[in-house]
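Enquirer: Quick one, fold the following:
(one chain, ligands or ions: 1)
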Amino acid sequence: MKAVVVLSGGQDSATCLALAVRRYGADEVAAVTFEYGQRHALETRFARRLVRRIPAIVEGRPDARVQHKVVKLGFYGSLTTNALMDPSVKIGRKPGAKCPNTVVEGRNAVFLTLAAVWAKTLGATELYTGVSEADYSGYPDCRGVFIRAQQKAIRLALDYPIRIVTPFAHRSKAYEWALAAKLGILDVVRKETVTCYNGIPGDGCGECPACRLRARGYGEWMSSTKTTR
Ligand code: ZN
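Expert: The predicted model follows:
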């Protein structure tokens with residue numbers, strides 16, 4: 001096995017999965033999805049579908065799929081809470097807050113560590129994650145400085161040469177849409193991923209910050225294709 005993809009079921013991680021499969025082939029890629037008590041268990045259902053749909057398209061064979069593991073972190077909500085995990089909290093940003101109340105404290109640190117443990121078990125040295133610093137909402141564990149430190153920490157913790165691959169670290173959503181089109185997965189990303197904070201698949205609710213970011217990127221990409229034609 002070459003690579004493990006942290007697959008949430010959203011646009012970023014779905015596109016990461018396609019990149020890893022194109023690079024190494026479905027048989028050399030595994031995906032892991034974490035259930036940490038997010039409002040929408042739906043994400044896992046979409047992730048389960050993506051591990052078949054995306055390899056089938058990228059490899060052009062219907063039976064292609066990547067090994068997939070769903071890891072339940074049901075205890076997470078006993079340690080912290082936020083608007084993604086608590087339906088009674090309205091999604092938003094408090095005045096003066098550095099990031100929206102959808103931040104799940106330490107999520108990427110935990111996910112990457114656990115994914116790395118599995119990667120070592122599988123003999124994979126690359127960890128793909130869809131985090132983005134360019135479009136990000138101020139989440140501290142999406143920053144490049146964190147990713148670099150985390151890679152170093154994992155290497156020391158596991159004594160293993162893991163490499164954290166972040167294809168979208170400095171890329172816009174418009175770039176991701178263009179890439180999805182190039183990889184032939186545009187329709188899958190549009191209709192079969194969940195990015196919306198309100199858990200509505202595809203184009204989502206259209207109102208939450210995640211939907212607005214996604215729609216704005218799509219609009220930018222669409223207008224760029226028109227001007228180049
Ligand atoms: Zn939404």
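Enquirer: Around the ion, which positions in this protein sit nearby?
Expert: Proximity of the chain to the ion (C-beta under 5 Å from the ion) is limited to residues 196, 198, 204, 205, 208, 211. Yep, even glycine has a C-beta here, placed from its N, CA and C like the rest.
Enquirer: make it 6 Å
Expert: Within reach of the ion by C-beta under 6 Å from the ion, the chain has these residues: 196, 197, 198, 200, 204, 205, 207, 208, 210, 211.
Enquirer: List the buried residues for the helix-or-strand element of the chain with minimal mean pLDDT?
Expert: Sorting the helices and strands of the chain by mean pLDDT, DSSP states H and E puts helix 76-79 at the bottom, at a mean of 85. If you call a residue buried by 16 or more other C-beta atoms under 10 Å, then helix 76-79 has these buried ones: residue 76.
Enquirer: Residues in contact with the longest helix seen in the chain: which ones?
Expert: Across the chain, the longest stretch assigned as helix under DSSP state H is helix 209-228. Under the contact criterion C-beta atoms under 8 Å, 6 or more residues apart in numbering, helix 209-228 has outside partners 10-11, 91, 100, 102, 135, 137, 172-178, 181, 195-198, 203-206.
Enquirer: In it, which residues are buried?
Expert: 210, 211, 213, 214, 217, 218, 221.
Enquirer: Just the mean pLDDT for that helix, thanks.
Expert: Mean pLDDT, helix 209-228: 89.
Enquirer: What segments of this structure are helices?
Expert: Taking DSSP H to define them, one finds helices in the chain at 11-24, 42-59, 76-79, 107-122, 144-158, 173-183, 186-191, 209-228.
Enquirer: Measure how the fifth one sits relative to helix 107-122, angle-wise.
Expert: The reference is to helix 144-158. Helix 144-158 runs at 40 degrees relative to helix 107-122, counting by axes from the mean of the first three to the mean of the last three C-alpha atoms, to 10 degrees.
Enquirer: ok, now which ones touch the closest residue to residue 183 other than its chain neighbours?
Expert: Nearest residue to residue 183, sequence neighbours excluded (C-beta to C-beta, 6 or more residues apart in numbering): residue 18, at 4.6 Å. Going by C-beta under 8 Å, 6+ apart, residue 18 touches 54, 57, 58, 180, 183, 185.
Enquirer: what's the burial count for the second one?
Expert: When neighbours are defined as other C-beta atoms under 10 Å, residue 57 has 19 of them.
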